[in-house]
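> Next comes the sequence, and after it the predicted model I'd like to discuss.
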Amino acid sequence: MKQSRAMSLVEAVANVIAGYGVAVVTQLIVFPWFGLPSHLSDALAIGAVFTLVSILRTYLLRRIFEAIRVGGA
C-alpha cells in the first residue's frame, strides 16, 4: 500500500516529536560534561532547530524511498 505525502509528513513529525524530550534532557546532561553551559531555554531552542532539520531530513528520505519503491528499483 502506498503512503501519501501527507502521511509521510505526519510520520516524520511524530517520530521527531517523540525524540524531542529525550534530546533536550540529553543536552542538559551531556553539555556540562564538555564544559558547556546547560540551560533549559538553550536546550529547548537548540532542540527546536535540530527538530526542524530532522523533520525535513526524514520527510525527504521517506519520499526518496517511496519513489524508489513505486519506480520498481
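Perfect, I can see it now.

> Burial check on residue 59, number of neighbours?
Applying other CB atoms under 10 Å, we find 18 residues neighbouring residue 59. Glycine gets a C-beta too; all of them are placed from N, C-alpha and C.

> Over to residue 46?
Neighbour tally, residue 46, other CB under 10 Å: 14.

> Check residue 67 and give its pLDDT.
On pLDDT, residue 67 comes in at 90.

> Next, count neighbours for it.
In terms of burial, residue 67 registers 10 neighbours under the definition other CB under 10 Å.

> same check, this time on residue 47
Considering only other CB under 10 Å, residue 47 is surrounded by 21 other residues.

> do the one 5 residues further on as well
When neighbours are counted by other CB under 10 Å, residue 52 registers 11.

> Against residue 41, how distant is it?
When CB to CB, to the nearest Å is the yardstick, residue 52 and residue 41 sit 17 Å from each other.

> can you pull the contacts of the most centrally placed residue in the chain?
Among the residues of the chain, the one closest to the centroid is residue 54, at 3.2 Å (CA atoms, centre = their mean). Counting by CB atoms under 8 Å, 6 or more residues apart in numbering, residue 54 touches 16, 19.

> Using the three-state scheme, assign it.
Residue 54 falls in the helix class when you classify it by DSSP: H, G, I helix; E, B strand; the rest coil.
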